[in-house]
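Trainee: What would the 3D arrangement of this be:
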Amino acid sequence: YLQKDLSLVKDILEGVHIPPEVKLKFRKWLGPENLPKEFKLEEYKSPQPSPVATRIYEGVEIIFETIVSPLLAEDVVIQQLPETYILACESDVFFDDGLLYKKRLEDNGIAVTWYQLQDGFHGVLYFVDNWLFSFVGCQRGLDSIVGFIKSL
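Mentor: All right, here's what the predicted structure looks like:
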């Protein structure tokens, strides 16, 4: 949905799209040390620094905008947010981002309702009541969202 060149994926996964000054700025929010202990892999090792490919950063700069990555918003912005609901799917590439965002919100005094869908994956709610595919977690996730909204 970002309409970006898919040939950049390999470089992005290697981290060559992030200049050192950007890494330094976001490290305090995105470092693996911020993940809750129960979600850290014992064998995890931080990746080695890679040389930055400026052309790749320039091609994906939008991913650092808060409209795409709210986790990267400044504290002054985070502190103005209302009570927040986060649905995190364990098999989602963005699961860790959800954990980190939850921590950022809580560290800034924002109440967070967290729902962890263990059998969920990115986009699972698309399959709620889908005629072709159906996943058990879909309805549980949707029920959780509806419950949160009703509680407001």
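
Trainee: Just say helix, strand or coil for Ile149.
Mentor: Secondary structure, DSSP: H, G, I helix; E, B strand; the rest coil: Ile149 is helix.

Trainee: That one: neighbouring residues, count only.
Mentor: 9 (other C-beta atoms under 10 Å). Bear in mind the C-beta positions are built from the backbone N, C-alpha and C, glycine included.

Trainee: And it, how close does it get to Lys40?
Mentor: Distance, Ile149 to Lys40, by C-beta to C-beta, to the nearest Å: 32 Å.

Trainee: any weak-confidence spans in the protein?
Mentor: Across the chain, the ranges flagged by pLDDT under 70 are 1-6, 46-53, 131.

Trainee: Please repeat the previous calculation with a cut-off of 80.
Mentor: Applying pLDDT under 80 to the chain flags residues 1-23, 28, 30-32, 40-61, 129-134, 136.

Trainee: The residue positioned nearest the centre of it: what's it in contact with?
Mentor: Centroid-nearest residue in the chain, with C-alpha atoms, centre = their mean: Asp97, separated by 2.8 Å. Contacts for Asp97 (C-beta atoms under 8 Å, 6 or more residues apart in numbering) come out as 69, 71.

Trainee: Within the helices and strands, which one has it?
Mentor: Using DSSP states H and E, Asp97 maps to helix 95-107.

Trainee: gap between the residue nearest to the centre of the chain and Lys103?
Mentor: 11 Å.

Trainee: biggest strand in the protein by residues?
Mentor: When the chain is parsed with DSSP state E, its longest strand is strand 112-121.

Trainee: Which parts of the protein are helices?
Mentor: 9-13, 20-30, 54-60, 75-78, 95-107, 136-151 (DSSP state H).
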